[in-house]
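1. Can you look at this prediction? I've put the sequence above it.
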Amino acid sequence: MCFNIGDSVIVNIKYEHGGAFNRKVKIDFSVNTNPLGPAPQVIKKIRETAECAGKYPEYESLKLAGAIADREGAHGETIVVGNGASELISALFWAYAPQKVLLVSPGFYGYERAAISSGCEIKRYYTLEDNGFEVGDDFTDYIDGDVDMIFITNPGNPSGRLVRKELIEKICKKADEYGCVVVLDECFFDFTDEAAGAVRALRLKAFTKYQALAGIRLGYLICPDKEAADLIKAVLPEWNVSAIAQAAGEKALECEAYYEKSKTLIRDEKEYLKREMQNLGIRCFESDVNFMLFRSVIEDLKERLLEYGIMIRDCSNFEGLNKGYYRISIKKHDENRCLIESLKEIYGKNKK
């Protein structure tokens, strides 16, 4: 992918993500959505709303914003609804026009992509394998007058680790001293049992992961005040969220009990996967969510698993990682068992 920055600089970056677009893939562990899938009531609502495709959607998704505000304990006027989290990440760069952004690496590439496309310089904080790729207390040392925006993924991706609440409070406090905007990407936060802290930050969430609505494209920002929300809304396209997406989001918020069941499944299956993989000599990193980062001595493991119809996420294109790092989502037991049996065969052949 090429970006023109200024008058003469062209940056070439290859962005990759999970997702099976290969018909030979039978089980896709590369995308980390809820293993239960969308609630049946949501699918029904999508079908019903499709009959109204000839009508314009509600302009600013006000009804959905109100439902989100009720769930999040916020005010409706502070909610900004977008066409997925990706649109809102770009909107943040358009709205605030930061000159330098502080990113955690390894981390989600979407922030980097939006930064480069807007001509924003990147400053990096690298997490360490010996510390389980957790954000450490020294992160605050990277906040100074030279940085005007910070992105923190909580829980992290691909690490899956929560950032300690007291550390987030310290980060937000120091950022406020310098007039720096803090964005907390909480797209996986609902998989945890943590309560969101009361900090002055922009909180980014989506219906992609927890509600398993990746194809609908629906995300939202919880802003600290109406002024911030209005600033971001001003740079978004008109009718940016479809009627189908709005209806699906409203219905999904009514199905919390359905999605909540996934937490028990994920906890039990994650322990099963970790135990079986460690028995094969695979290093698995601790995770607080529905996916797990691991390191393998087999550097072409993704390609070899594809022979079994299984796709995993190769993390070597994450800044700060290299060949041998992979990420898998936590799925239902039959699918997880299939992965383990395939790994046993591959590792058995590798020893010969």
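-> That came through, no problem. Residues are numbered from 1 along each chain as shown.
2. Going by C-alpha atoms from here, please, whenever you check contacts or count neighbours.
-> Fine.
3. The stretch 201-350 of the chain: strands as residue ranges?
-> 202-206, 219-222, 283-284, 291-295, 310-311, 313-314, 325-329 (DSSP state E, counting those that start in this stretch).
4. Show me how far the second one is from its chain's centre.
-> The gap between the average C-alpha position of strand 219-222 and the chain average comes to 13 Å, counting by C-alpha atoms, centre = their mean, to the nearest Å.
5. That strand - contacts with which helices or strands?
-> strand 79-82, helix 84-96, strand 202-206 (3 or more C-alpha pairs under 8 Å, 6 or more residues apart in numbering; DSSP states H and E).
6. for the first one, same thing?
-> Secondary structure elements in contact with strand 202-206, counted by 3+ C-alpha pairs under 8 Å, 6+ apart, are helix 84-96, strand 181-185, strand 219-222.
7. what's in contact with the shortest one?
-> Around strand 219-222, the neighbours that count as contacts under C-alpha atoms under 8 Å, 6 or more residues apart in numbering are 74, 78-85, 88, 202-208.
8. Same check on the longest one?
-> Outside helix 84-96, the residues that touch it by C-alpha under 8 Å, 6+ apart are 82, 110-111, 114-115, 118, 204-208, 217-221, 231-232, 234-236.
9. Give me the angle between it and strand 202-206.
-> 150 degrees (axes from the mean of the first three to the mean of the last three C-alpha atoms, to 10 degrees).
10. Following the chain onward from helix 84-96, which element is next?
-> strand 100-105 (DSSP states H and E).
11. For that following strand, name the packing helices and strands.
-> helix 109-117, strand 121-126, strand 149-153.
12. V181: neighbouring residues, count only.
-> V181: 20 surrounding residues under other C-alpha atoms under 10 Å.
13. I misspoke; the intended subject was Y178.
-> 14.
14. low pLDDT regions in this protein?
-> 1-23, 352 (pLDDT under 70).
15. In it, which residue is most central in space?
-> With distances taken as C-alpha atoms, centre = their mean, C187 lies nearest the centre of the chain, 4.8 Å away.
16. before we move on, what SS does it have?
-> Under DSSP: H, G, I helix; E, B strand; the rest coil, the three-state class of C187 is coil.
17. For it, which non-adjacent residue is spatially closest?
-> Nearest non-adjacent residue to C187, counting by C-alpha to C-alpha, 6 or more residues apart in numbering: K205, 4.4 Å away.
18. tell me the contacts of that neighbour?
-> Contacts of K205 (C-alpha under 8 Å, 6+ apart): 85, 185-188, 219-221.
19. could I get those as JSON lines with distance to I171?
-> Below are those laid out as JSON lines (distance: C-alpha to C-alpha, whole Å):
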{"residue": "A85", "distance to I171": "22"}
{"residue": "D185", "distance to I171": "14"}
{"residue": "E186", "distance to I171": "16"}
{"residue": "C187", "distance to I171": "19"}
{"residue": "F188", "distance to I171": "20"}
{"residue": "G219", "distance to I171": "24"}
{"residue": "Y220", "distance to I171": "22"}
{"residue": "L221", "distance to I171": "19"}
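20. ok, so of the residues you listed, who is nearest R295?
-> F188 (21.7 Å; C-alpha to C-alpha).
21. State the distance from that closest one to V289.
-> Distance, F188 to V289, by C-alpha to C-alpha, to the nearest Å: 7 Å.
22. Common neighbours of these two, please.
-> The contact lists of F188 and V289 share P155, where a contact means C-alpha under 8 Å, 6+ apart.
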